[in-house]
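[1] need a structure here:
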Amino acid sequence: MQSMQNQAMVQEIMQAFDVRTGLISAAVNPKRYLWTDAFAVCNFLRLYQDSGDIKYKDLALKLVDQVHHILGRHREDDARSGWISGLNEEEGEKHPTIGGLRIGKPLNERKPGEPHDEQLEWEQDGQYFHYLTKWMHALGRVTQVTGDHRYNHWAIELAKTAHAKFSYRLQGHMEKRMYWKMNIELSHPLVSSMGQHDALDAFITYQELAVIAAGDPERSEDTDLSTEIADALSMCHNIHWMTDDPLGIGGLLSDAYRLTQLIIHSGLEGEDMLLKLLPTAKEGLDAFLNTNILSYPAEYRLSFREMGLAIGLKAIKKMLHLFPDEPLVKNLEQYQSLADEIIRFWLSKENQQNSTWQEHIDINSVMSATALAPEGYHEFHKGEEHGK
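    Alright, predicted model coming up:
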């Protein structure tokens, strides 16, 4: 269980997020953003598990509902309306993720024929595959904590849709690739390049959903993800995952821990992938530290990217517990203190006054809460955890 001090800080951070984004305040129009909300759901679930206070479970479920009814539907400034899947209202309520989910960017998507502006694209809506996998993971965690398999089923529907729409084959090539960004209705790509870790995230997340689905007493054939898992695995084979981006490194470390749990608790044969992930993460950590970014003033740094690294670094201790004699895990032990260094820096009120914090306050604060108490995001156990 997290320390009482950390729990109090997480509660304070998440309460401010609730009000600021309109989750609980009727005076604020709800402002939903898929990546941030995925981590927020996991944070609420952990607060519920640690405190036993049902209000945190209710907040997690309310946030899921808001995300589906806002990001699963067309924008208010769009001529289109209704569910982005095209389903009618009744069917859309039953299958809110089957058309994917919008990112939640401030501007509407780039329309066909409009020139591509690389800077503007970051502010324009659409769908990101790596955001969708984060939401799949969050929905799976809801099922594990509450025992309600409807959420994992929605995650699987999202996985099947996203995989079918984002993956493709280049003409004359056998191997598949993935688009990085697609339009809201998933009819064409907006950015065709492939995310460096998208296939890896897909493989691990699909495996998690499959394990959870196996515990569903009413499991049906439409929850089978074997084809998607095989596709994602094949796409992983020719990709070098090394990055010196802190968010990317943190993602690799978190993925390594999620994979470790699947290997130990669910019998997944993923040792070869894990033995590739661990040295790649170390290589990235060394490269990042050589940039000396952690010595820069706050205005030259991005908190949410560094908090992503801190979240991943928190997984090292857990992997050491599971694999105490694995040299590749021991090689990461020296980096653990970096997490506390990053968290201390960004929890400083002085460093939160700069523009880079304030401009991204929601994602910065929510990922800070996750770094303080990463169990809600990290932990995965075979079977269900409900019944607290």
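[2] near E118, how many other residues are there?
    Applying other C-beta atoms under 10 Å, we find 7 residues neighbouring E118. In short, each C-beta sits where N, CA and C put it, glycine included.
[3] make that G250, sorry
    The tally of other residues near G250 (other C-beta under 10 Å) stands at 28.
[4] can I assume it is in contact with K314?
    No - G250 lies out of contact with K314 (C-beta atoms under 8 Å); the separation is 9.2 Å.
[5] report the buried residues of stretch 41-59.
    41-50, 56-57, 59 (16 or more other C-beta atoms under 10 Å).
[6] and the furthest pair within those residues?
    Maximum pairwise distance in the buried residues of stretch 41-59, criterion C-beta to C-beta, is 15.2 Å, between V41 and D50.
[7] contacts only, for Q11.
    Q11 sits next to L47 when contact means C-beta atoms under 8 Å, 6 or more residues apart in numbering.
[8] host element of it?
    Using DSSP states H and E, Q11 sits within helix 4-20.
[9] pLDDT on that helix, on average?
    Mean per-residue pLDDT for helix 4-20: 94.
[10] check stretch 262-269 too.
    Averaging pLDDT along stretch 262-269 gives 93.
[11] quick check, distance from that stretch to the centre of its chain.
    In this view, stretch 262-269 has its centroid 21 Å away from the chain centroid, taken as C-alpha atoms, centre = their mean, to the nearest Å.
[12] hey, C-alpha coordinates of that stretch in PDB?
    Only the C-alpha atoms of stretch 262-269 are listed here, as PDB (Å, rounded to 0.1, in the frame of the first residue of the first chain):
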ATOM      1  CA  LEU A 262       2.000 -11.800 -17.800                       C
ATOM      2  CA  ILE A 263       4.900 -14.300 -18.000                       C
ATOM      3  CA  ILE A 264       4.800 -15.100 -14.300                       C
ATOM      4  CA  HIS A 265       1.100 -15.000 -13.500                       C
ATOM      5  CA  SER A 266      -0.400 -16.000 -16.900                       C
ATOM      6  CA  GLY A 267       2.100 -18.300 -18.400                       C
ATOM      7  CA  LEU A 268       2.900 -16.100 -21.400                       C
ATOM      8  CA  GLU A 269       5.900 -17.100 -23.400                       C
END
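[13] give me the contacts around it.
    I204, Q207, E208, V211, L259, G270, E271, L274, L322, F380, H381, K382.
[14] go on, stretch 24-36?
    Identification of contacts with stretch 24-36 by C-beta under 8 Å, 6+ apart yields 18-23, 59, 62, 66-67, 70-71, 101-104, 128, 131-132, 134-135, 362-363, 366-367.
[15] list the buried residues for it?
    If you call a residue buried by 16+ other C-beta under 10 Å, then stretch 24-36 has these buried ones: K31, R32, Y33, L34, W35, T36.
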